[in-house]
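Undergrad: generate a structure from the sequence data that follows.
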Amino acid sequence: MAEAAVRSRDDSPDRLYELERLRMVREQLNGRDIVDPRVLAAMREVPRHLFVPDDLRHLAYRDGPLPIGHDQTISQPYIVALMTQLLQLVGTETVLEVGTGSGYQTAVLAWLARRVFSLEVKAELAQQASERLSELGRDNVEIHVGDGSQGLPDQAPFEAVIVTAAAPSAPPPLTAQLAPGGRMVIPIGGRDSQYLERWIRRGDAWHIERVSPVMFVPLVGRYGQDKETWWWM
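TA: Purely as a prediction, here's the structure:
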C-alpha cells in the first residue's frame, strides 16, 4: 500500500514536470555557458509549464521559444537564463523588466532580485502574468500596463534593466533610469539582424558588450520599432 502511494506520488504531473525541469537545466544550461549558481537554482525552481498555453505544456521544457498569443512568445530557457545571468543579480536589486509577456522571465527575476517592476503593453498579457505570479506567491513583483520603451521614471533608478523585445537602439528613457554601475540587457536590431547587448553604466560613460545574435519580437512604443518594417505588427 505504501509502495503504491510512493509510486503514485512520483508519477504525479508536478513530479514529472519537476524532472523535466531538472533535465532542462542539465542538458540546456549546464552544457552551455550558464554558470551562475543562483540563476541555475531559479531555473530549477520556477515552473515554466505554468506560463505557457495548456495545449503546449508538454513542450514547456524543450529547447526553443513557444507562442503565447497576441503575436508574442516565451523565450527559450537558455535565452532566459543567459539574459538573467548577464544582469549579475545578487538579491538586493530593484529590476525593471520591459515586456512581461507570459510572466516567466518575471518569475525568474523575482526569485533572484529584491523587487521587480515589469511593463507590458498588452493589458490581457499583463493580467494573465499577474495572476500566475500571484498564484506562485511572488509578492515582490509589480506589473504595469504601458509603453515599455519609456520605462517607469517614478520608480527609478534601477540597478538592472532587462528588455525582452528588440529595439532599434537603446531607448534613452531606459538608459536614463539605470543607476550608476547598473546593467541593462537588451536585444538591438531589426527584423533581419539582432544582437543581444549588455550596457553597463559607469558614471556618465557606458561599457557596451555585444553578446550573441538573437531573434526577438519587436519592441513597440515611442522608442520601439517602425511598424512599417515589421510585417506582423
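Undergrad: where does this protein have its least confident helix or strand?
TA: helix 2-10 (a mean of 47; mean pLDDT, DSSP states H and E).
Undergrad: next SSE after that one?
TA: helix 13-24 (DSSP states H and E).
Undergrad: packing partners for that following helix?
TA: helix 37-45 (3 or more CB pairs under 8 Å, 6 or more residues apart in numbering; DSSP states H and E). For the C-beta atoms, the positions are set from N, CA and C on the backbone; glycine is no exception.
Undergrad: what angle do the helix it packs on and helix 13-24 make?
TA: Angle between the axes of helix 37-45 and helix 13-24 is 140 degrees (criterion: axes from the mean of the first three to the mean of the last three CA atoms, to 10 degrees).
Undergrad: now the helices: where do they sit in this protein?
TA: 2-10, 13-24, 37-45, 77-87, 104-112, 123-135, 172-176 (DSSP state H).
Undergrad: phi and psi next, for residue 47.
TA: Residue 47 has phi and psi values of phi -80, psi 90 when expressed as degrees, to the nearest 10.
Undergrad: just list the residues touching the nearest residue in space to it that is not next to it in sequence, thanks.
TA: Spatial nearest neighbour of residue 47, chain neighbours left out: residue 17 (6.4 Å); criterion: CB to CB, 6 or more residues apart in numbering. For residue 17, the contacting residues are 47, 49, 60, 61, by CB atoms under 8 Å, 6 or more residues apart in numbering.
Undergrad: repeat for residue 134
TA: Counting by CB under 8 Å, 6+ apart, there are no residues that residue 134 touches.
Undergrad: mind checking how far it is from residue 94?
TA: Using CB to CB, to the nearest Å, residue 134 is found at 20 Å from residue 94.
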